[in-house]
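Asks: sequence first, predicted coordinates after that:
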Amino acid sequence: MQQIHGLSSSSHETLTPSFKLCSATTTTTKSLFTCNCISYSSSSELPRRVLITNSITKRSQDLTIQPNLKRLTSRIVDLSRRRQLRQIFDEIEIAKKRYGKLNIIVMNAVMDACVHCGDVDLAIGIFQEMLKPESCGVDTISFGIILKGLGEARRIDEAFQLLESVDQGTASGRPKLSSTLIYGLLNSLIEAGDLRRAHGLLARYRSMLHDDGPSILMYNLLIKGYINTGLPQDAFAIRDEILRQGLKPDRLTYNTLVFACAKSGQMNAAMRLLAEMKVEAQKVDCNNLFPDAVTYTTLLKGFRDVKDILSIQKLVMEMKSLENLCIDRIAYTGIVDALLICGSTKSALCIFGEILKLSGEFPYLRPKPHLYLSMMRTFAVQGDYSMVKTFHKRMWPDTAGSISRAVQVEADELLMEAAINSGQVDVARQVLSSINTKWEGISWTSRGSMAAVRVEALSGFTTMFSPYILPQVSLDDPIKNIMLPFEEAHPLRANLDLKKVVMRFFRDAVVPVVDDWGSCIGLVHREDCTELKATLSEIMRSAPPCVPATTSIGRVIDLLLEKRYKMIVVVKPNNLYETGYSSSLRAIGVFTPEQLYKVATPAAELQEPCICHNQHMSLV
């Protein structure tokens, strides 16, 4: 969206209030100019008053022809961030009535808003309207927005067809194929987690990309792709390839690799990358390579996950000692979260107070609602009702941004949890009654449901709450121990017609799909089977949720429950630099909610439920 702003002109002035009034002024001025020319021998002898009037009139005419729509573009961008698509179209209709035809910058902003709100069909409709002869036309940015939308909607075949038409010169508007368009589609594929087609895209346009020389941007995107698909370890091989190509890693490269280290728990490697960034920045005397707030925030998250409080404290001290480092709101939030998770509540409270103090001078540092919730969760567990009540009271006037309904509900539930943990049963019952009245009940899948059960139990009420236990497995074991082998899932070929295998979906809610090489390329869900004439490749959902075979059973169960996945594909990494359209991930098994239910047993059915290190009680 910054590119859209960059293309707008900044030389225009305030719009004229009326075209009719401007036209009348022009006629008067021209007649005045003609009368005065009779008495003077040259234009240099004209009175200054006449020249000024003529200059103002000419400027008004230019403004009438080319209205300044920069403010409208900024308004569209702002509404897009808030996902107010209907308001955008209302204001566009008003602008058309006022100014007539809108320019390509405004229409690109409207298209981008549609993509941002997830309505790519509406964006394509606007694109077609822009192609009409009486409209503003399209440019390379327009094609880039459509490619981005198709990629995010996982309509990959349509995106490839559009890119092919640009390459062959048959696309409307005849834009030139550029690396910018290719990298835009590549980023969308990586964001969707479709590494198979990302490698295919690079293989298809490799010659063109190589003509421009190796790009650090391409490698940065690939690193992000391996992290998004749950393979942070494999991202380091990209770094070796960068060095072999003679490229210099930039700050984004280092930050992405640090994130890969943090995600895989290799904090020693992450700290070595931090030291390397400092050394390289000093060598070339370049501040753009020096670690920034993103680098340190990523490191904080990594040490938070391994609960290394000493390393967190050292990082915080280092961040505060660096003069050129700007600690923004995200970095401060990362510090507080890391300290809370590591149990250093007092230090977190001090940093939180520092944020509030600085926000008086720098309003952009005002904490977001989720930071208040983090503080409230910690004190609720400790049973400090007064602190939770204070945060609950101050969140509304002191927080930055809007407070969603979900945040308000959780804040009320944490107040109830703090009361019950501090032994104030009557207060907890009052809060629970208030929640039922205010929010019309309580969700039994939320954290507050546990506190509500305790309130009921201590108040003498009965409850139907019954936990489930996994008596035969350990949540720390790898998923490959209990997964269903991929062959036993009976995958279907992507080129099959739905009408030939439709009976399969009366039995199975989701079926994996494989290509000619036997690689899993997507999942077909029962609810998507609406066109019998379609092939499975047309109705499948590409980029299925995948986990490596070494992922713990507990982590896979969390994904099933949190993301509501109907099937998770268990994969084994293959050759990292496998190119073409073949997948670099080989499916070796699947795991479904049905398999989870088979190993889960109600606790009431167990005569002597054993809660030991290798057994885990969990809500299903």
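Replies: Cool, the structure landed.
Asks: residue nearest the centroid of the chain?
Replies: Glu191 (8.4 Å; C-alpha atoms, centre = their mean).
Asks: once you drop chain neighbours, what's closest to that residue?
Replies: Nearest residue to Glu191, sequence neighbours excluded (C-beta to C-beta, 6 or more residues apart in numbering): Glu152, at 6.7 Å. C-beta here means a position set from N, CA and C on the backbone, and glycine is covered the same way.
Asks: can you check Ser449 too?
Replies: Going by C-beta to C-beta, 6+ apart, Ser449 has Ile442 as its nearest residue, at 6.2 Å.
Asks: for Arg555, list the residues it contacts.
Replies: For Arg555, the contact set (C-beta atoms under 8 Å, 6 or more residues apart in numbering) comprises Ile479, Val547.
Asks: what's the distance between it and Ala338?
Replies: As judged by C-beta to C-beta, to the nearest Å, Arg555 and Ala338 stand 21 Å apart.
Asks: same question for Ser404.
Replies: 24 Å.
Asks: neighbour count: these two, which is higher?
Replies: Each of Ser404 and Ala338 has its neighbours counted (other C-beta atoms under 10 Å); Ala338 has more, 29 against 11.
Asks: hang on, that one packs against Phe303?
Replies: Yes: applying C-beta atoms under 8 Å, one finds Ala338 in contact with Phe303, separated by 6.5 Å.
Asks: show me where pLDDT drops low in the chain?
Replies: 1-68, 210-214, 441, 444-445, 459-472, 573-585, 601-620 (pLDDT under 70).
Asks: which residues in it form strands?
Replies: Remark: strands assigned in the chain by DSSP state E are 468-470, 484-485, 492-493, 510-514, 520-525, 541-542, 546-548, 568-573, 585-591, 601-602, 616-618.
Asks: distance between the longest one and the chain's centre?
Replies: Right, the one you point to is strand 585-591. 26 Å (C-alpha atoms, centre = their mean, to the nearest Å).
Asks: can you check the third one too?
Replies: For strand 492-493, the gap between its own C-alpha mean and the chain's C-alpha mean amounts to 32 Å (C-alpha atoms, centre = their mean).
Asks: could you list every helix and strand that that strand packs against?
Replies: Judged by 3 or more C-beta pairs under 8 Å, 6 or more residues apart in numbering; DSSP states H and E, the packing partners of strand 492-493 are strand 510-514.
Asks: mind checking how far Arg429 is from Ala419?
Replies: As judged by C-beta to C-beta, Arg429 and Ala419 stand 9 Å apart.
Asks: on that earlier part again, who are the contact partners of the residue nearest to Ser449?
Replies: Contacts of Ile442 by C-beta under 8 Å, 6+ apart are Glu413, Leu432, Ile435, Asn436, Gly448, Ser449, Ala452.
Asks: the first one contacts Val455, correct?
Replies: No: the pair formed by Glu413 and Val455 falls short of the contact definition of C-beta under 8 Å, at 11.0 Å.
Asks: how many neighbouring residues does Trp164 have?
Replies: That one is not Trp; residue 164 is Glu. 13.
Asks: an error on my part: the question was meant for Lys320.
Replies: Residues lying near Lys320 (other C-beta under 10 Å) number 11.
Asks: same check, this time on the one 10 residues further on
Replies: For Ile330, the tally of surrounding residues (other C-beta under 10 Å) stands at 12.
Asks: how about it: what's its closest non-neighbour residue?
Replies: Nearest one to Ile330, counting by C-beta to C-beta, 6+ apart, is Thr297 at 6.0 Å.
Asks: residues contacting that neighbour?
Replies: By C-beta under 8 Å, 6+ apart, Thr297 lies in contact with Ile330, Ala331, Gly334.
Asks: so which of the residues you listed are in helices?
Replies: Within the contacts of Thr297, residues falling in helices by DSSP state H are Ile330, Ala331, Gly334.
Asks: from these, which is closest to Leu536?
Replies: Of all the ones in helices among the contacts of Thr297, the one with the least separation from Leu536 (C-beta to C-beta) is Ile330, at 42.4 Å.
Asks: report the backbone C-alpha coordinates of stretch 243-253 in CSV.
Replies: Taking Å, rounded to 0.1, in the frame of the first residue of the first chain, the C-alpha atoms of stretch 243-253 are listed here in CSV:
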residue,chain,number,x,y,z
LEU,A,243,26.7,-17.8,0.6
ARG,A,244,27.5,-20.0,-2.3
GLN,A,245,25.8,-17.6,-4.6
GLY,A,246,28.0,-14.8,-3.4
LEU,A,247,25.2,-12.8,-1.8
LYS,A,248,25.3,-11.0,1.5
PRO,A,249,22.5,-11.8,4.0
ASP,A,250,20.6,-8.7,5.0
ARG,A,251,18.8,-7.9,8.2
LEU,A,252,15.7,-9.7,7.1
THR,A,253,17.7,-12.8,6.4
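Asks: list the contacts of Ile126.
Replies: Met107, Val110, Met111, Cys114.
Asks: tell me the two of the contacts of Ile442 that are most distant?
Replies: Asn436 and Ser449 (12.4 Å).
Asks: highest mean neighbour count out of the strands of the chain?
Replies: Most buried of the strands of the chain by mean neighbour count (mean count of other C-beta atoms under 10 Å) is strand 520-525; its value is a mean of 23.
Asks: pretty sure Ser359 contacts Lys368?
Replies: No: counting by C-beta under 8 Å, Ser359 stays clear of Lys368, with 11.4 Å between them.
Asks: quick check: Ile553 touching Met483?
Replies: No: between Ile553 and Met483 there is no contact under C-beta under 8 Å: 9.3 Å.
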